[in-house]
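**Q** I need the structure of the sequence given here:
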Amino acid sequence: MWSIGERALQCGAYIAETGCTVRACAEMFGTSKSTVHKDVTERLPQLDAALAERVKRVLDINLSERHIRGGASTKKKYARMNKKC
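**A** Numbering: from 1, shown residues only. Here you go, the predicted model:
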């Protein structure tokens with residue numbers, strides 16, 4: 001089990017390397033989205049400012065693309081529903 005600081009560093013490194021979402025990171029590390037978000041936005045800047053800046057850029061990109069992912073997900077959902085009927 002990691003300490004809070006180690007977890008924040010691990011989550012930050014994972015997000016920076018993969019460009020994944022907070023949700024995907026939470027699933028990978030077995031924590032909640034809220035915990036990952038707090039780790040990378042509040043705790044990480046105090047531990048590693050350079051890594052925190054890289055993570056912030058990834059999160060900003062993910063935020064700007066969120067509406068596209070949501071639309072694609074909804075499109076898949078209704079395609080599956082129509083296929084069953």
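**Q** hey, where'd the helices end up in this structure?
**A** Taking DSSP state H, the helices of the chain run over residues 4-18, 22-29, 33-38, 44-47, 49-84.
**Q** Now tabulate those helices in a markdown table and tack on mean neighbour count and mean pLDDT.
**A** Where you see a C-beta, it was placed from the backbone N, CA and C, and this is true even at glycine. Below are those laid out as a markdown table (neighbours: other C-beta atoms under 10 Å; pLDDT from 0 to 100):
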| stretch | mean neighbour count | mean pLDDT |
| --- | --- | --- |
| helix 4-18 | 18 | 96 |
| helix 22-29 | 17 | 96 |
| helix 33-38 | 16 | 97 |
| helix 44-47 | 17 | 96 |
| helix 49-84 | 12 | 87 |
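**Q** any idea which residue sits dead centre in this protein?
**A** Val22 (1.6 Å; C-alpha atoms, centre = their mean).
**Q** Could you report the separation of that residue from Tyr14?
**A** Using C-beta to C-beta, to the nearest Å, Val22 is found at 11 Å from Tyr14.
**Q** Surely the residue nearest to the centre of the chain is in contact with His37?
**A** Yes: in this structure, Val22 is within contact of His37 by C-beta atoms under 8 Å, at 5.3 Å.
**Q** so what's in contact with the two at the same time?
**A** The overlap between the contact sets of Val22 and His37 (C-beta atoms under 8 Å, 6 or more residues apart in numbering) is empty.
**Q** Could you list the residues in contact with stretch 46-60?
**A** 5, 8-9, 12-13, 15-16, 19, 22, 40-41, 44-45.
**Q** which two from the residues you listed end up farthest apart in space?
**A** Spatial extent of the contacts of stretch 46-60 (C-beta to C-beta) is set by the pair Gly5 and Gly19 at 23.0 Å.
**Q** what sits against the residue nearest to Thr31 when sequence neighbours are not counted?
**A** Excluding the flanking residues, the one nearest Thr31 by C-beta to C-beta, 6 or more residues apart in numbering is Arg7, at 7.4 Å. Residues near Arg7 by C-beta under 8 Å, 6+ apart: 29, 31, 39.
**Q** Kind regards, and thank you for your time.
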